[in-house]
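# Need coordinates for the below:
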Amino acid sequence: MSTAPILFEEKPTACGRRVAFATMNAEKSLNSLTLDMIRLFYPQLKSWEADPGICCIVLQGAGEKALCAGGDIRHMYEAMVEHPGPELNNPFAASYFAEEYRLDYSIHTCPKPFLCWGHGIVMGGGIGLMNGASHRVVTERSRLAMPEITIGLYPDVGGSWFLNRMPGRTGLYLALTGASLNAADSLRLNLADHFLPAAQKETVYQILLSTAWTDNCLDNKTLLSRRLGELERDPGEHSITSNVWNHYDFIQQVTSGHDLREIIGAINGANHDDSWIAKCQSALHRGSPTSAMVLYELYRRAKHLSLSEVFRLEYGVSLQFAAHPDFTEGVRALLIDKDNNPSWTPPTYDLVTAEWIEEHFAAPCPDEEHPLRDL
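Take a look at the predicted model:
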């Protein structure tokens, strides 16, 4: 197999058009999204959008373990160590976040059918890629999560937008706890559209190549929905039930307050014997207080923003996280030294001030110079 970080292929269909395939090709790193991948994928996506012969686009991950386990955190860590804050002087972070969010936004706005095969691990930046697809498939082995609080970051890649659009306050709960989601959860929370057994992948692809596609993108999206619907199964057939839905009332109860410290106390203080809840409590307890406070403020500020406005807002917040200490420290503790003992700044919620949180929202540049101003 080619060593290119992302592979592109076009396959002819029975009607003379072509289906385009993009395969994230970094199996050893669980297809973590690198800047090289982004810089290859974005122009290719735009080329496919403009090509009248391309009728459908497919995104998948190499191997059986993951679509994409997240962003290129190791290179980000090296860049943050090389360019410590408080100044926003990290060229890698500036390029990575701007180009990643531009790619994510382009998937959201792609006019053609875009099928994402969300098999295996889909976390962080992987959800950013998958969430914008017009047709998002999960399987019995799909595991989705936004666990950024545990590395001193926050759910970015448009998370401030799509978490706000989940039922009730489930989006806030997921952001605070980094909860692991299965296929049934993903469907309930509008992170996926179809459940298909993993064994049907090649059947789906063969159907794509035998479909009588048209020149109309909307008609083609309807065609794809119909074809996937013919194969779709209930996750319950694989004994998969939604943890989120089973605990929906609990989630609503513990997130019903309007003061974050009250919400955190309710989540951590709940006496619950469910293992899924216990893992959520553990992640929140171990997570960065600054991350929790910032993501809560983002959740509030982004409630009525458009997707493009959210990406512009998140760009600045992400650069600020790269310049503040917790992101670097969280990656060090969990992924570099692996001592699982991060030293957060500040160490407790009581010491996090409003001024400290507001620093994370300081604009990185004038509006007319924003790299995502044209979204």
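# got a list of what Leu88 touches?
Contact partners of Leu88, counting by Cβ atoms under 8 Å, 6 or more residues apart in numbering, are 94, 319-320, 322-323, 364. From N, CA and C alone the C-beta is placed, and that goes for glycine too.
# for Tyr101, same thing?
With Cβ under 8 Å, 6+ apart, Tyr101 has these contacts: 128, 156-158, 311, 314-315, 372.
# about what we covered before: mind listing which of the contacts of Leu88 are in strands?
Using DSSP state E, no member of these sits in strands.
# Adding neighbour count, write those out as TSV.
Listed next are the contacts of Leu88 as TSV, based on neighbours: other Cβ atoms under 10 Å:
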residue	neighbour count
Ala94	20
Leu319	24
Gln320	21
Ala322	25
Ala323	23
Pro364	18
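# From the residues you listed, which shows the smallest pLDDT?
Taken together, those show their lowest pLDDT at Pro364, with 92.
# Identify the residues contacting stretch 71-80?
32-35, 90-93, 96, 100, 124-125, 151, 322, 327-328, 331-332, 335-336.
# quick one: pLDDT of the spatially most central residue of the chain?
For the chain, Ile127 is the residue whose C-alpha lies nearest the centre (Cα atoms, centre = their mean; 2.6 Å). Ile127 is assigned 97 on the pLDDT scale.
# could you say what helices and strands the helix or strand Leu313 falls within packs with?
In the assignment (DSSP states H and E), Leu313 maps to helix 307-323. If you count contacts as 3 or more Cβ pairs under 8 Å, 6 or more residues apart in numbering; DSSP states H and E, helix 307-323 packs onto helix 73-82, helix 91-108, helix 159-162, helix 289-301.
# any chance of those in TSV, plus distance to His272?
Listed next are these as TSV, based on distance: least, Cβ to Cβ, whole Å:
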stretch	distance to His272
helix 73-82	31
helix 91-108	34
helix 159-162	25
helix 289-301	20
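# Contact partners for Val81?
Contacts of Val81 (Cβ under 8 Å, 6+ apart): Thr328.
# To clarify, my last question referred to Ala333.
Ala333 neighbours (Cβ under 8 Å, 6+ apart): 339-343.
# mind redoing it with 6 Å?
With contact taken as Cβ atoms under 6 Å, 6 or more residues apart in numbering, Ala333 is in contact with 339, 341-342.
# of these, buried ones?
Pro342 (16 or more other Cβ atoms under 10 Å).
# coming back round to it: now the contacts of Tyr101 as CSV including distance to Glu9 and neighbour count?
Output for these, formatted as CSV (distance: Cβ to Cβ, whole Å; neighbours: other Cβ atoms under 10 Å):
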residue, distance to Glu9, neighbour count
Gly128, 23, 29
Asp156, 30, 28
Val157, 25, 31
Gly158, 27, 23
Phe311, 29, 26
Glu314, 32, 25
Tyr315, 32, 25
Leu372, 30, 19
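# Out of the residues you listed, which comes closest to Glu237?
Distances from Glu237 to the contacts of Tyr101, taken as Cβ to Cβ, are shortest for Gly128 (29.5 Å).
# The closest residue to the closest one other than its chain neighbours in helix, strand or coil?
Leaving aside its sequence neighbours, Gly128 sits nearest to Val157 (Cβ to Cβ, 6 or more residues apart in numbering; 2.7 Å). Three-state call for Val157 (DSSP: H, G, I helix; E, B strand; the rest coil): coil.
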